[in-house]
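Colleague: Give me the fold of what follows.
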Amino acid sequence: MYTPKENFIRTVNKDNPDRLVNDYEAFAVIRNDPITDLDRGIRIQGQEIKDIYGTTIIWPENQPGGMPHVTEENKVIKDITNWRNELKLPDYAAMDLDWTLNAEMVAQVDRNEKLVTSIMATGLFERLHFLMGFEDTLINLLEEPEAMHDLLDALLEVRMTYVRLLIENMKPEVIIHHDDWGTKHSLFVNYDTWCEFFKERYRKLYGYLREQGVTVIHHADCYCANIVKDMAEIGVQIWQGVIPDNDLCVLQKELDGSMILMGGINAEIDRSDWTEESVRREVRRACDTYAPGGSFIPCLTYGGPGSIYPGVIETIRDEIAQYNKEHYHI
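Modeller: All right, here's what the predicted structure looks like:
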């Protein structure tokens with residue numbers, strides 16, 4: 001029986017893994033690097049904060065996480081043509097960052113068993129609507145493309161510095177990079193617009209990660225079915241968060257192993273009135289439906305390990321383990 005790390009690597013390399021990768025079992029996710037703390041802001045339930053870009057983040061007591069709260073009054077960029085005067089970009093390379101705690105946590109990871117993993121949230125599209133709101137983002141992509149290209153180039157350079165410092169200090173083997181590009185049924189923008197503004201910039205970012213030997217996982221728990229070949233082309237090795245609305249069986253045939261689909265378990269099962277039967281039924285549906293097509297890792301479609309309600313994730317992992325016993329005798 002392969003270790004979780006080896007089985008994952010074999011899955012990525014299409015080199016005869018001995019079972020389905022079970023959720024995030026192969027990853028040692030370490031979230032406490034100093035840049036992530038700055039980039040997202042230290043979010044505390046019940047509190048309102050501003051991140052390093054100036055975006056207001058709220059986390060109500062009755063919600064599972066913090067979200068941007070962008071209004072006409074508090075949005076950082078009010079006039080995209082004047083963004084250089086309205087936005088102060090962070091210069092992470094010039095900061096005296098303390099990596100001590102992060103290094104201590106990385107040192108505790110058994111790299112024979114697990115892959116040191118960093119999660120980078122708030123990708124390029126998400127950062128745009130954090131800064132100016134959703135409506136302005138979509139309008140400006142159409143009406144002010146020159147200014148938006150200029151802003152995106154600057155945001156990408158911040159991102160490139162971020163990943164360079166992560167790699168130099170933390171030496172992650174995997175980076176899970178977040179950027180939600182759509183709703184349940186379509187991209188937020190049309191295909192040509194996505195290609196014009198995002199495809200080549202992500203090719204640069206993910207190409208750099210691949211050159212450094214980092215496995216690239218892109219999280220998007222939304223519809224991306226019409227860009228899956230583009231995602232594989234620009235360096236995404238695993239699309240994590242794939243919701244069932246994408247029709248994974250069709251995508252598996254289209255991709256023919258060029259990119260792994262990680263997700264498939266509908267997050268609607270993670271609810272206050274969840275039952276063991278309903279969770280196991282959904283996990284079994286996903287494994288029975290998508291595992292035969294290959295290049296599939298079952299997990300909830302969230303962008304990181306765990307569940308909102310206690311007991312859900314443990315039941316999911318146990319049912320995947322049961323599936324592996326039945327089908328792979330492990």
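
Colleague: Which residues outside stretch 180-188 are in contact with it?
Modeller: Here stretch 180-188 makes contact (CB atoms under 8 Å, 6 or more residues apart in numbering) with 125-126, 138, 189, 194, 198, 219-224, 226-227, 243, 245. From N, CA and C alone the C-beta is placed, and that goes for glycine too.

Colleague: Quick check: of the residues you listed, which lies closest to D51?
Modeller: Comparing these against D51 with CB to CB places E126 closest, at 11.8 Å.

Colleague: gap between that closest one and Y309?
Modeller: For E126, the distance to Y309 equals 25 Å [CB to CB, to the nearest Å].

Colleague: For those two, indicate the residue with more neighbours.
Modeller: Each of E126 and Y309 has its neighbours counted (other CB atoms under 10 Å); E126 has more, 17 against 14.

Colleague: Not counting its neighbours along the chain, what's nearest that one?
Modeller: Among residues not flanking E126 along the chain, D179 sits closest, at 5.6 Å (CB to CB, 6 or more residues apart in numbering).

Colleague: show me what contacts that neighbour?
Modeller: D179 neighbours (CB under 8 Å, 6+ apart): T122, G123, L124, F125, E126, F198, H218, H219, A220.

Colleague: Helices along the stretch 101-250 of the chain, start to end?
Modeller: 124-132, 134-143, 145-169, 191-194, 200-211, 228-233, 248-255 (DSSP state H, counting those that start in this stretch).

Colleague: Among those helices, which comes closest to N102?
Modeller: Nearest to N102, of the helices of the stretch 101-250 of the chain and by CB to CB, is helix 145-169 at 7.1 Å.

Colleague: centre of the chain versus the closest one, how much separation?
Modeller: Helix 145-169 sits 17 Å away from the centroid of its parent chain (CA atoms, centre = their mean, to the nearest Å).

Colleague: Go through that helix and flag the buried ones.
Modeller: Neighbour counts over helix 145-169 (16 or more other CB atoms under 10 Å) mark 147-148, 151-152, 155-156, 158-159, 161-163, 165-167, 169 as buried.

Colleague: who are the neighbours of it, in terms of helices and strands?
Modeller: helix 34-40, helix 83-86, strand 115-120, helix 124-132, helix 134-143, helix 200-211 (3 or more CB pairs under 8 Å, 6 or more residues apart in numbering; DSSP states H and E).

Colleague: Compute the inter-axis angle for that helix and strand 115-120.
Modeller: 150 degrees (axes from the mean of the first three to the mean of the last three CA atoms, to 10 degrees).

Colleague: Could you pull up the mean pLDDT of helix 145-169?
Modeller: For helix 145-169, mean pLDDT rounds to 98.

Colleague: same check, this time on stretch 95-108
Modeller: Predicted confidence along stretch 95-108 averages 96 (mean pLDDT).

Colleague: Contacts for that stretch, please.
Modeller: I30, N32, D33, P34, I35, L38, V116, L165, N169, M170, K171.

Colleague: Try it again at 6 Å.
Modeller: Applying CB atoms under 6 Å, 6 or more residues apart in numbering, the contact partners of stretch 95-108 are I30, N32, D33, P34, V116, N169, M170.

Colleague: Excluding sequence neighbours, find me the nearest residue to R210.
Modeller: G235 (5.1 Å).

Colleague: ok, the one you found touching V216?
Modeller: Yes: between G235 and V216 there is a contact under CB atoms under 6 Å: 5.4 Å.

Colleague: any idea which element the closest residue in space to V158 that isn't next to it in sequence lies in?
Modeller: What sits nearest to V158 in space, not counting adjacent residues and going by CB to CB, 6+ apart, is L89, at 5.6 Å. Assessed by DSSP states H and E, L89 sits outside every helix and strand.
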